[in-house]
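S.K.: Let's see this in three dimensions:
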Amino acid sequence: MNITPSILIIATILLLSSCSCLRVLMGRIKDRETQQPIKTARITVTNKGYHRYFESDSTGYFESFLTGGYRCPRIHARIEADGYKPLDIKEPRKRDTITVYLEKLE
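M.R.: Next up, the predicted model:
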């Protein structure tokens, strides 16, 4: 059986592209007590061997496009802001928009 190089290349590309997925994580970060947005909160996403860093804007909004691994694992993130307790979260199932409430340090 003779397989042409172009068919082999196409098959390899399809196989490799099926092993990753694109995820969107977005939402708002707010003060638990006042419900006010927290600007420049730092979000660190760790998934299957990679780290991604980004910040919330002046309205507490954040958005990131992330590539996942095989089977699109749920996103794990650590959220930190000056004067607040850090919070570790896991992406809710079947939802990519979240609101996170941080507690002030005592």
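
S.K.: avg pLDDT for stretch 73-83?
M.R.: Per-region confidence: stretch 73-83 scores 88 on mean pLDDT.

S.K.: List the contacts of it.
M.R.: If you take CB atoms under 8 Å, 6 or more residues apart in numbering as the criterion, stretch 73-83 is touched by 23, 25, 29, 38, 40-48, 66, 68, 86-91, 93, 100, 102, 104-105. Heads up, the C-betas are built off the backbone N, CA and C, glycines and all.

S.K.: Type out the PyMOL command that picks the buried ones from these.
M.R.: In PyMOL syntax, the buried subset of these is picked out as below (16 or more other CB atoms under 10 Å):
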select buried, resi 23+25+29+38+41+42+43+45+47+66+68+87+91+100+102
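
S.K.: among the contacts of stretch 73-83, which are in helices?
M.R.: The helices, defined by DSSP state H, take in nothing from those.

S.K.: for the nearest residue to residue 31 once chain neighbours are set aside, what are its contacts?
M.R.: Of all residues not flanking residue 31 in the chain, residue 38 sits nearest, at 5.9 Å (CB to CB, 6 or more residues apart in numbering). By CB under 8 Å, 6+ apart, the contact list for residue 38 reads 29, 30, 31, 56, 60, 81, 84, 102.
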